[in-house]
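Peer 1: this one's structure only:
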């Protein structure tokens, strides 16, 4: 039997945002591999082995998945959001590149999902409606100086900015520094969206002017989006809409 | 009866990439509004009115949808990809902001979808696996000088870059200029993905070094992705994988 590996995006949390393509892959899987809270979203069934592992062991997890596929299993690696955006797809391909030749013969597919910034943007309106960038604020795997450089250039380019992994217990000071860098470049009034646990029962959205943004408004479940200079707010009884016009 | 307006993303083309949330909204709609080829994807049924309109009339289309919702209809505006990325959500909110007060009282929701860059990235591997930007290369609604500025700053920031609307009959010279600007900044060897009609029967993927990229490799159905300096190719019998490591 020939094995396969699908790297699948589960979306931001709501099951109604899981694509039929991903659901079909999960229904045919023999093994699901992933970070504990994502594997917890998969319903157990006969014939399916769940392999949950802790955070920060992405390469080990990738190697396990590739090894199982090479043994002929139908493996699905699950990511939240989209697997190609700051998630497991790159980790799997890093493992393939440095791993045994046999792994290059495997049937490997990436199944896209609704990534956090698009779910957060949809809930708030359309703040990413024109040119934007996505920056991972974690400095686990890149130097902090590169993050600062990208922030400055993104502000100069007047991109809307989506920030993944804004804040962790391990480096609480990083996001405070991000706010310090952005304020003089983007101005105190620039709207910033804090979208926590979007599409889950814990969802909480807040839009504040950059000058009023505080580091503790974000945690590891929060997606942060900063508007461009053209991003606008529409006041409504049901709550404001945040959007970037098409001409920005 | 109280009307509603959902601005829904149909994804890149494959029905298996339409979220259950969007399918449910379409199943309950009384009216579907959108650009001709997107409305053509919706199956006709009793009780559903299809309103297809031509390109470049986004504000008229938005006003029609808002007007129908204000009359108490359950309206779905359909976009390809994600409605919040260079698509109909911003046009609807522009209309809301400048329109009658009654439109601000409507139940308006954005239903996210798989945007073209994520579908293209998934097919090729994971070229957007680390920090990246998304730029609309159409100068219909913004000055060309702003596009050039963003290209230069994005290259300096070493973002991977996803280009929407790379080339149209109305401005065939624009994408040639984009390639001219990027070559000296990113180098001749930087990989560039041309992903045409991704997830449809017409899908065609090609990866070429930037120095060999030609304007006629892109048309309006093509998503173009340029790697960062860290983006890598893995040679395989089944075709290369293009990906950006997590440390980029």
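Peer 2: Received it, and whenever you're ready, just let me know what you need. Predicted, not measured: the structure shown is a model, and the values here were computed from it.
Peer 1: and stretch A:73-92 with chain B, contact?
Peer 2: Yes. Applying CB under 8 Å from any CB of the partner chain, one finds stretch A:73-92 touching chain B at A:82, A:83, A:84, A:85, A:86, A:87, A:89, A:90, A:91. C-beta: built from backbone N, CA, C; applies to glycine.
Peer 1: Show me where chain A has its helices.
Peer 2: A:20-28, A:36-39, A:58-70, A:88-98, A:116-124, A:144-157, A:173-186 (DSSP state H).
Peer 1: The first one and chain B, are they touching?
Peer 2: Okay, so that is helix A:20-28. Yes. Using CB under 8 Å from any CB, helix A:20-28 reaches chain B at A:20, A:21, A:24.
Peer 1: quick one: which of the residues you listed is nearest residue A:110?
Peer 2: residue A:21 (10.7 Å; CB to CB).
Peer 1: residue contacts, the closest residue to that closest one other than its chain neighbours?
Peer 2: Closest residue in space to residue A:21, ignoring its immediate chain neighbours: residue B:16 at 4.0 Å, by CB to CB, 6 or more residues apart in numbering or on different chains. Neighbouring residues of residue B:16 by CB atoms under 8 Å, 6 or more residues apart in numbering or on different chains: A:19, A:20, A:21, A:24.
Peer 1: Columns neighbour count on top of the residues of stretch A:73-92 next to chain B, output as CSV?
Peer 2: Conversion of the residues of stretch A:73-92 next to chain B to CSV gives the following (neighbours: other CB atoms under 10 Å in any protein chain shown):
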residue, neighbour count
A:82, 32
A:83, 32
A:84, 33
A:85, 28
A:86, 26
A:87, 29
A:89, 33
A:90, 28
A:91, 26
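Peer 1: I'd like these laid out as CSV, including pLDDT.
Peer 2: Compiled in CSV, the residues of stretch A:73-92 next to chain B are given as follows (pLDDT from 0 to 100):
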residue, pLDDT
A:82, 98
A:83, 98
A:84, 98
A:85, 98
A:86, 96
A:87, 95
A:89, 98
A:90, 97
A:91, 97
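Peer 1: Packed most tightly, which of the helices of chain A would that be?
Peer 2: helix A:116-124 (a mean of 28; mean count of other CB atoms under 10 Å in any protein chain shown).
Peer 1: tell me the mean pLDDT for it?
Peer 2: In this model, helix A:116-124 has a mean pLDDT of 98.
Peer 1: Kindly report the same for stretch A:42-60.
Peer 2: The average pLDDT for stretch A:42-60 rounds to 94.
Peer 1: Equivalent analysis for stretch A:140-154, please.
Peer 2: 94.
Peer 1: what about it and chain B, touching?
Peer 2: Yes. Interface with chain B: stretch A:140-154 contributes A:141, A:142, A:146, A:149, A:150, A:153, A:154 (CB under 8 Å from any CB).
Peer 1: Over to the nearest residue to the first one once chain neighbours are set aside: give its phi and psi.
Peer 2: Right, the one you point to is residue A:141. Distances taken as CB to CB, 6+ apart place residue B:247 nearest to residue A:141, at 4.2 Å, with adjacent residues excluded. Main-chain torsions, residue B:247, degrees, to the nearest 10: phi -100, psi 10.
Peer 1: just checking, residue B:247 touches residue A:142?
Peer 2: Yes. Residue B:247 is within contact range of residue A:142, at 5.6 Å (criterion: CB atoms under 8 Å).
Peer 1: and those two? which has more neighbours close in?
Peer 2: residue A:142 (18 against 13; other CB atoms under 10 Å in any protein chain shown).
Peer 1: Give me the spatial nearest neighbour of residue A:189, chain neighbours excluded.
Peer 2: Using CB to CB, 6+ apart, the nearest residue to residue A:189 is residue A:209, at 5.0 Å.
Peer 1: so where's chain A shaky on pLDDT?
Peer 2: A:1 (pLDDT under 70).
Peer 1: let's see it at 90
Peer 2: When residues are selected by pLDDT under 90, those of chain A lie in A:1-2, A:54-56, A:139-142, A:167-173, A:220, A:247-248.
Peer 1: could you measure residue A:129 against residue B:174, distance?
Peer 2: 21 Å (CB to CB, to the nearest Å).
Peer 1: Then residue A:127?
Peer 2: For residue A:127, the distance to residue B:174 - CB to CB - is 26 Å.
Peer 1: same deal with residue A:228?
Peer 2: From residue A:228 to residue B:174 the distance is 21 Å (CB to CB).
Peer 1: tell me, how many neighbours does residue A:193 end up with?
Peer 2: Residue neighbour count, defined by other CB under 10 Å, stands at 26 for residue A:193.
Peer 1: which residues touch the nearest residue to it once chain neighbours are set aside?
Peer 2: Take residue A:193 and drop its neighbours on the chain: the residue closest to it by CB to CB, 6+ apart is residue A:225, 4.3 Å away. Residue A:225 sits next to A:117, A:120-121, A:124, A:127-128, A:160-163, A:192-193, A:195 when contact means CB under 8 Å, 6+ apart.
Peer 1: could you redo the last one with a cut-off of 10 Å?
Peer 2: By CB atoms under 10 Å, 6 or more residues apart in numbering or on different chains, residue A:225 lies in contact with A:116-117, A:120-121, A:124, A:127-128, A:132, A:134, A:160-163, A:191-195, A:207, A:231, A:242, A:244.
Peer 1: from those residues, which ones fall inside strands?
Peer 2: Members of these lying in strands (criterion: DSSP state E): A:132, A:134, A:160-163, A:191-195, A:207, A:242.
Peer 1: Now the two most distant members of those residues.
Peer 2: So, the ones in strands among the contacts of residue A:225 by CB to CB: farthest apart are A:134 and A:207, at 18.9 Å.
Peer 1: Name the residue in the two with the higher neighbour count.
Peer 2: Neighbours per residue (other CB under 10 Å) separate residue A:134 from residue A:207, with residue A:134 holding more: 27 against 20.
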